[in-house]
Structures are given as C-alpha cells and as structure tokens.
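*Asks:* Predicted structure and sequence below. I'll ask about it afterward.
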There are 2 protein chains.
Amino acid sequence: MAWTRTGSELSTALLTDHYELTMLGSALADGTADRPCVFEVFARRLPDGRRYGVVAGTARVIDAIGDFRFTDAEISQLESTAVVDAETLSWLADYEFSGDVDGYAEGELYFPGSPILTVRGSFAEAVVLETLVLSILNHDSAIASAAARMSSAAHGRPIIEMGGRRTHEYAAVAAARAAYLAGFATTSNLEAGRRYGIPTRGTVAHAFMLLHDSEEQAFRAQVDKLGADTTLLVDTYDITAGIETAVRVAGPELGAIRIDSGDVGPLARRAREQLDALGAKDTRIVVSGDLDEHAIAALRAEPVDAYGVGTSVVTGSGAPTAGMVYKLVEVDGRPVAKRSTHKESRGGRKGAIRRHKPTGTALEEVVYPAGGPAPELGPDDRELQIPLVRAGQPVDDLPTLDDARQLLRKGLVSLPWEGLKLSHGEPAVPTVFR
Amino acid sequence: MAWTRTGSELSTALLTDHYELTMLGSALADGTADRPCVFEVFARRLPDGRRYGVVAGTARVIDAIGDFRFTDAEISQLESTAVVDAETLSWLADYEFSGDVDGYAEGELYFPGSPILTVRGSFAEAVVLETLVLSILNHDSAIASAAARMSSAAHGRPIIEMGGRRTHEYAAVAAARAAYLAGFATTSNLEAGRRYGIPTRGTVAHAFMLLHDSEEQAFRAQVDKLGADTTLLVDTYDITAGIETAVRVAGPELGAIRIDSGDVGPLARRAREQLDALGAKDTRIVVSGDLDEHAIAALRAEPVDAYGVGTSVVTGSGAPTAGMVYKLVEVDGRPVAKRSTHKESRGGRKGAIRRHKPTGTALEEVVYPAGGPAPELGPDDRELQIPLVRAGQPVDDLPTLDDARQLLRKGLVSLPWEGLKLSHGEPAVPTVFR
C-alpha cells in the first residue's frame, strides 16, 4: 500500500521542534547529515507503579510520516522566520523519508527498554521525525495503557469512551482510537467514527431533560424518535421516580437506563430491583460519572451492564504521557550513547523477543543487539518487532485496528496474573538486556 | 471581523459527541429545538489544591464555531452511519450559529463557579457546540493554569515551552499557545510559530552530539552554522570538560550553555563559576529536564538564566483537564438546573464581577443573576464577562494573544499573596453567589 493523499490531509512537517531543523542545518553544513543512523523509541520506565504498557499510535505514525512534506506554505513560514538558511530550506523542500522503520505492532505490550520503534535512515531524514513520532506514540500509548486497565477491570462488560470534551479536540479523536484498540466497545466521538470506523453511540444529556417541561415529556420525545430500545437518563431529578416514568413511557422493552451521578453501586442495585419489579427484566443499566479502573473494578459485583468512561481514559488515568524517547543509538554502524550522570541509554540497534512458558504465560522481555546472533527462539517465544516501512514506503498488509485489538487481548491473557492487578507494582515481566 | 476561511481549514463539526446530534434530532421532532436557551461554561471546583485557574482557548473556540459547518463530507458520514435521520441532516446542512456568546477574556483568572462562557441561542444551535467548546477550554485552560504557576515561580526568568513531544501532535500546538499566554517566553513548536506568531527557539539535541566523532567537532559545527551566540549542550559526556570545550570553541562570547540532566541546581552553580573563570561572564545558563513549578521555585537562588519546560506544562502539571462543564441554565427565560444527589448546579444566566481593595488586591468573585439588577460596581471592581459573538459573528476588536498575556500578568499581581503559593490550598478569593 502506497501512501495516498487527499485534499483534506495537511502537511505534518511543522508539528516539529525548532531544534530538529537547526540540527539538520548544522549537519548539512559540516557533511554529517548523510551518515547512516539508527534511532530507537523506548520508555525508560513505565508510569509510576504500572505493570505493563500498551503500544498504540504506530499506524498514525506511519500516516504522519507520509504527510511529512515541506510544501511552499511550510517553506515560506520557515524562511520568513529565519529558522534555517536557504541551503537547508532547499533540502527540506525535497524531503521524503526513504528509510526503514520496524517496531512493535499496535496492541503489543511493552516494558521498560522495549525497542518500540526503530527508524533507520540518514541522520537528516530520521532526526526531523523525532517530535512527531514521539507526540503520537506518547499520547496514544498513554491512553491505550490506561484503557487496557479499564477494559480488564470491566471483565467483559462493554465500555463506551466519552471523554472527548475533557481533552484537546483532536487528541480526543486519537484517544477514542486508542481506547477502542484497548478493548472499549464504542465511542461518543463522531470524528473517530469517520476516521477509524469505530462504532459511535449516544442518546441524550441532562440538557435534553431540562429543555422539556417534565421528565415524562423528555422521555416521550426521545422514545418517539429513537425507539424503546434507547437509553433513558434517569437521574436528572429523582432516580426512583425517573425509572418508574421511564418504564411507563417506553414499556418493559426499554433498552437501558443511565445513571450518571451519585454512588452508582447501590443505585444500580436498587435500579435493578425496581426494573425487575416493573417487568423490565432485560432493560440494561449503564453507569457513568468519574469512573476509572478502580471504580470499575469496585462495581464488578453490581448489576451493571455497561460503563461510560470519560475524563480518566483521555487523561491516561494519572499518566497522560508514556514518557517515550527517540534516541540515536547507532551512527555508521557503531553504537552510540549519552554518558551523563543518569538517564543511561544503551547504544546499538536492538531486537526483542518475549519468552513464554509452555502454558503461554509471559516470562521475560529479552532485548538483544540486532547486529549479533539473535537469541534462540523457543517454541513458545516470539519476535516482537515487525517491518513497518521499507525504503520510505509502508509495507503491505500492515496490521489493522482490529488486529491490534486482538493482539492486545492475547497479550493481556499472557501476563502472569499479578500483572493484571490494578495496584502499584513492578513490571509484570522483567526486561533482560543481552 | 467576520470569519474568514481558507482551504486549509477543516470543518470542526464532527469533533462532537454522538449524543449532541441525537438530542437535536429528538428536539427537532417534538418542537422544543427552537426554544431560546442559555448554556453556561464553568468549573465546579479548581483542580486539587489549586488556588486559581487561567482562562485560555476562548479565541480558538470562536474560530472553531466559525468552522462548525456540516459540509457534504460530514453529512454523508452521518447518513451512512445512520446517526440521525434525514430531517436532522437537512437541518445540519444549513447549520450556522446565529446566537450570542459572552465570556471571560483569555488570560482572566477564574474560580469555582465563575461563568467563563455564556452561549445564547436556540437549543438546537447551542447544544451541538457543547463538545467542541469544552474540549478547547478544558485543554487550553488546564495548560495555561499550570503554566502560570511556572511563570510565577520563574520570577521573570524566561521559560521556553518544549513539551510538544509529550502530548498529542495538535494538542502540542494549542499547549504552546496556552503556555505563551501564561507568560512563557518562547516555544520549540514550529506550528505554534506559524499559527500564532509565537517566537520559536531551539539549537540541538544530544543526537547531534552523538552524531559527531567528538564533542568538539559537534560544537564547532554548531558554532560555524549558528554563530557563537548559540546555546551549546554540555552534558552529553562530562559537564566540566564540556564547558571547557564549549568556551574554547565559541570563545567567551558563547551565548549560553544548556544542562539537561542531573541535579541542575549544584550543576548550574559549578557551571557559573567555571564560565566566569573562563572569562565567559555573559554566557547564560539554560536548564531543562523534568522541570515543573516546584523545581523551578527551588532553583530561584541558583545562577540559572532560563528554563526549558516540557512534560509538566503540556500535561497540566498533574491536572491535564480543567473539568469545565457546559450546562443548560435557562430555557425560555426561566432558570433550569439538575437536581440530583450531588453535582448541584445553579440555574439562570449569570454575570460576574471581581471586587478589589483600593490597593488592587482581589477580594472576591461575585456571581449574580444576569436578569436582575447588577451588583454595585465599586471604583476598584470590574465586570468579568465581555461580548465575544453577536448574532453569529465575532465582535470587532477581540482581545489578542498579547492582550491575554497582559491581562494575566495584571491578574496575578492582583491576587492576595497566598494565592501565588504553590502548595495546596483554598481558592485565592472566594466565590460569592448572589
């Protein structure tokens, strides 16, 4: 599949830190710009106490690299602000990434030091991608990592992502994608529906209830329009009265009720009893309102059929960024690494395998120098990096969003059971550097 | 100023929750869609322990409302996914906001319950803006609120925003704007330079050092290209040796050195002594690396000339969203409010004034019903809402980004001194509801 372009796609080239281009300018001037380099994306650690991370955003990175072009608009902006000189501008005007990219598939688990993405090319063509690659992976992986904990706490009950209003308007679209990747069933975000084909859902907000002269009139308007299989919001005034009115208006075929406030556990229990007594035994109970993975886990024994999650998922539930870095690890085939007081990095291009017990339980993440012989791959082990871009073009058959969902589902099942605990702890499997 | 449109502007209409449109559909069907309504944006509380919030994003909201149009692309998406019916689609195809918007100016401080934005129009035209308005205000205000604490802790020393790689690629652009609004001097983000005219800065990363065969060669390449007035990154190998080499290569006219790792306080002190001893008395010291407002405050006594701040500012330093809501407060001129177990809301359109002592110190935020008589305005008090949109068009002379910077600077000076403490506490001034 070659990159295709439509009029609605904008250049991504200025989503970039100023210093990427000044570095480039200096390197073009002194002849080092053409040196073959390897950059590696990894996280030094997981967010505080997290036991695994989830890779997300890779497909968006590949698209964004394709759109990384300096058209006249970008060049004239850089020219008028004197960011770089004419020689550098002329190089940028011809920019087209021609290197290779390998990486963890979306939906793959990762641990400290996992080589999540490896970019090979000249220094010049690879360094300018740093900011954009990190923005996407850091954001999307942070959201997917939080969302996976919520999915796992929900234990099969569907979750709708509805946090778009709590984050930047375009971050919202990417967050909906990352949450879906991590097992959420649907999203409220219409643009995520358009861009990624994610199923969207929604009925009404409290504003709709308040717009009407009575709760009954609001319910009737909604049922008339959306049918009895809709979800009625019953907590605008009094929940018990709301449920009674809801079933009276929609009949026992009412699809669901939603409770968006209060102590939703006891409220759900009372609502279930009331619905059953009214003959609405198949009416589902949807709860929302400041839920995070801990709140979801605490509701496991309650008669809840679905969750709506907003703020906590789009903000990464306390870890809004994944802290990944894009480090130069190889120049002209020789390993390089910063040697400062801390922030130690390991030079050299790396591969990674995950070892498993015969039962399928993950044992360790083995990170090894890609130049030497690869570690022996046992029958239950697998290589973690896959080819993504070759000679500047995306490879055929890149994994789809649904592939990523399935990969993550399998990955979570492979974790030692402590790895799924929500409490703070060590990474679920150790990273072993060969 | 009327809204202008260029080919590069995309419709914002699908950056919207599904339920806004299903609500609309039901309201169009039962005739309530045309009821005159007032929606109000406010925050029930400040993020945990924060003493003030900073309004940001208003200008972006006004632009986004102008771009909120359902073109053929949006309509066919909604049609093919059956989000709403043909009647609703036809209404959306003609959508153009025709109402009024008032609000706090960008850069204004806000407190719990401050009526930050008031949108008046028919239910239909106003409700569909909810998601987009909140996405922008919640994101931008969260960043500006954190950035203001950093600016105030930096006590006049310049801060460069360089966190773009730690957040979504477009959130990064808005974050750079919000940080600049809140007193940051510059940004690394080139797109923020293009869109908002914010000065961008940058020199090189550690990758540039590692690309070269020696630190000296890297410094020489940079100085040859960018001049001696550049900033040399001295912590790739050994800082003391790095500074010695830097001054040898650039001469005592060297613009600045940057230290990006380690315990930057003591390192800055040693660096200052060394630079002075080398005759580089005017060479500035820039520090970066996981700085937040607390780290900046702790460096106040150190010989630091400028800060680089990344992760903490773009993630709102622990509060990545401002938690603002968009509530229906008036229908047909009568106040409405949800009456649930908690999350109490006050019905009715509101105005707000801030009372000050004759010394200029803020005393209280008075929020009053806009229908009745306004509270008496003392000589040191002022109205906080300004007109933003009239009959669907932005008013003339909307405040600029520089106006917002100045307004915030004045606002911070007006706070009681406890209001600027970084520790957790109560809001700096109480909100009084009349």
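*Replies:* Received the coordinates, thanks. Only a predicted model underlies this, so the values are computations on that prediction, with no experimental measurement involved.
*Asks:* Which element, helix or strand, includes A:Leu134?
*Replies:* Using DSSP states H and E, A:Leu134 sits in helix A:130-154.
*Asks:* Is any residue of that helix near chain B?
*Replies:* Yes. Helix A:130-154 is in contact with chain B by CB under 8 Å from any CB of the partner chain, via A:130-132, A:134-136, A:138-140. Any C-beta I mention is one placed from the backbone N, CA and C, and that applies to glycine too.
*Asks:* Could you dump the residues you listed into JSON lines and include neighbour count and pLDDT?
*Replies:* Putting the residues of helix A:130-154 next to chain B into JSON lines (neighbours: other CB atoms under 10 Å in any protein chain shown; pLDDT from 0 to 100) gives the following:
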{"residue": "A:Glu130", "neighbour count": "24", "pLDDT": "98"}
{"residue": "A:Thr131", "neighbour count": "27", "pLDDT": "98"}
{"residue": "A:Leu132", "neighbour count": "27", "pLDDT": "98"}
{"residue": "A:Leu134", "neighbour count": "27", "pLDDT": "98"}
{"residue": "A:Ser135", "neighbour count": "34", "pLDDT": "98"}
{"residue": "A:Ile136", "neighbour count": "27", "pLDDT": "98"}
{"residue": "A:Asn138", "neighbour count": "29", "pLDDT": "98"}
{"residue": "A:His139", "neighbour count": "33", "pLDDT": "98"}
{"residue": "A:Asp140", "neighbour count": "29", "pLDDT": "98"}
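*Asks:* For A:Arg382, name its beta-bridge partners.
*Replies:* A:Arg354 (DSSP bridges).
*Asks:* got the residue ranges for the helices in the stretch 201-350 of chain A?
*Replies:* Counting by DSSP state H, counting those that start in this stretch, the stretch 201-350 of chain A has helices at residues A:206-211, A:215-226, A:239-250, A:264-277, A:293-298, A:311-314.
*Asks:* any idea how far B:Gly378 is from A:Val38?
*Replies:* Look at A:Val38 and B:Gly378: by CB to CB, to the nearest Å, they are 66 Å apart.
*Asks:* Quick check on these two: which one has the bigger neighbour count.
*Replies:* Neighbour tally, A:Val38 and B:Gly378, criterion other CB atoms under 10 Å in any protein chain shown: the higher count belongs to A:Val38, 24 against 13.
*Asks:* Number of residues surrounding the residue lying closest to that one once chain neighbours are set aside?
*Replies:* Using CB to CB, 6 or more residues apart in numbering or on different chains and skipping the chain neighbours, the partner closest in space to A:Val38 is A:Glu330 (3.7 Å). Counted with other CB under 10 Å, residues neighbouring A:Glu330 total 24.
*Asks:* quick revisit: now for the residues of helix A:130-154 next to chain B: which two are most distant?
*Replies:* The span of those, defined through CB to CB, is set by A:Glu130 and A:Asp140 at 16.3 Å.
*Asks:* got the contact list for A:Ala43?
*Replies:* Applying CB atoms under 8 Å, 6 or more residues apart in numbering or on different chains to A:Ala43 gives the contacts A:53, A:110, A:112-114, A:116, A:322-325.
*Asks:* mind giving me CSV with those and columns for pLDDT and distance to chain B?
*Replies:* Listed next are those as CSV, based on pLDDT from 0 to 100; distance: CB to the nearest CB, whole Å:
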residue, pLDDT, distance to chain B
A:Gly53, 98, 15
A:Tyr110, 98, 17
A:Pro112, 98, 17
A:Gly113, 97, 18
A:Ser114, 98, 18
A:Ile116, 98, 14
A:Ala322, 98, 9
A:Gly323, 93, 7
A:Met324, 98, 9
A:Val325, 98, 9
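*Asks:* now the one helix or strand A:Phe42 maps to and helix A:130-154, what's the angle there?
*Replies:* Using DSSP H and E, the element containing A:Phe42 is strand A:36-43. For strand A:36-43 against helix A:130-154, the angle by axes from the mean of the first three to the mean of the last three CA atoms, to 10 degrees is 30 degrees.
*Asks:* Strand A:36-43 pairs with which strands?
*Replies:* According to DSSP bridges, strand A:36-43 forms sheet pairs with strand A:117-122 (antiparallel), strand A:324-331 (antiparallel).
*Asks:* Point out the one among those that comes closest to B:Tyr170.
*Replies:* strand A:324-331 (18.2 Å).
*Asks:* before we move on, the earlier item: what's the closest of the residues of helix A:130-154 next to chain B to A:Gly197?
*Replies:* Nearest member of those to A:Gly197, counting by CB to CB, is A:Asp140, at 16.8 Å.
*Asks:* Report how many residues lie close to the closest residue to chain B within the stretch 101-250 of chain A.
*Replies:* Closest contact between the stretch 101-250 of chain A and chain B, by CB to the nearest CB, is at A:Gly202 (3.0 Å). A:Gly202 has 23 neighbours, counted by other CB under 10 Å.
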